[in-house]
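Participant: Any chance you can model this:
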Amino acid sequence: MTRVGRVERTTKETSVLVEINLDGTGQVDVSTGVGFFDHMLDQLGRHGLFDLTVKTDGDLHIDTHHTIEDTSLALGAAFKQALGDKRGIVRFANASVPLDESLAQVTVDLSGRPFLVHSEPDGMAPMIGTYDTTMTRHILESFVAQAQIALHVHVPYGRNAHHIVECQFKALARALRYAAEIDPRQTGIPSTKGAL
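Facilitator: Numbers count the residues shown, from 1 in each chain. Okay, the predicted model is just below:
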């Protein structure tokens, strides 16, 4: 079984290509023009052991919003496509990841129902390079909407904005990896409804 998703999304604002292999080895080739966002997508692929290709050409002369948003939408759609009918997956997973003084706790249900709960410390620095730190929540909202998963992300403490954001992506990667894994004891769809 090959679990690969490929999505191309083109608008007047951006042109996005995302390819993801859920059963990869963490090979990542990412270029969005937003350095810190590339760094976070690299974390997602490497710690999720997803082979991930992302190529985005966006209207960065305006700002980074459209580039980040459209990439996140395409990533969610590719992830959903790669999951297929979800036969045999674990479905639920959680991961806690520290990064120095910061801690992220992520719980996921590959439920077919999009829902996000997100909290992080107040008073975080507004920018990391050209990356607007308020975009982290929007990235997750966009991904969840297209991936159709329930995602809870909680950062109970942290000081450094880079650490606070990065530990969220690392924990997300691990939780998605565990939830998407094939359970050798699960022969069907892990739901009493018979569908996810």
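
Participant: Correct me if wrong, but Asp122 is in a helix.
Facilitator: No. Asp122 is assigned coil when assessed by DSSP: H, G, I helix; E, B strand; the rest coil, not a helix.

Participant: And for it, the neighbour number?
Facilitator: Asp122 has 5 neighbouring residues, counting by other Cβ atoms under 10 Å. Where C-beta positions appear, they are placed from N, C-alpha and C, glycine not excepted.

Participant: How much space separates it from Val106?
Facilitator: Asp122 is 20 Å from Val106, where distance means Cβ to Cβ, to the nearest Å.

Participant: How about Ala125?
Facilitator: Counting by Cβ to Cβ, the gap from Ala125 to Val106 is 22 Å.

Participant: More neighbours: which of the two?
Facilitator: Counted by other Cβ under 10 Å, Ala125 and Val106 do not tie: Val106 has more neighbours, with 26 against 11.

Participant: After the one helix or strand the more buried one maps to, heading C-terminal, what element do we hit next?
Facilitator: Under the criterion of DSSP states H and E, Val106 resides in strand 102-109. The C-terminal neighbour of strand 102-109 among helices and strands, as given by DSSP H and E, is strand 115-119.

Participant: Start and end of stretch 83-100, how far apart?
Facilitator: The straight-line separation of the ends of stretch 83-100 (Cα to Cα, to the nearest Å) is 33 Å.

Participant: Can you tell me the element Gly45 falls in?
Facilitator: Element membership for Gly45 (DSSP H and E) is helix 35-48.

Participant: List the residues that contact the nearest residue to Leu17 once chain neighbours are set aside.
Facilitator: Closest residue in space to Leu17, ignoring its immediate chain neighbours: Lys55 at 4.5 Å, by Cβ to Cβ, 6 or more residues apart in numbering. Lys55 makes contact with Val16, Leu17, Ser31 under the criterion Cβ atoms under 8 Å, 6 or more residues apart in numbering.

Participant: tell me the SS of the second one?
Facilitator: Here Leu17 is strand, with the state taken from three-state DSSP.

Participant: what's the spacing between it and Val106?
Facilitator: Here Leu17 is placed at a distance of 26 Å from Val106 (Cβ to Cβ).

Participant: cool, the first one as well?
Facilitator: Going from Val16 to Val106 by Cβ to Cβ gives 24 Å.
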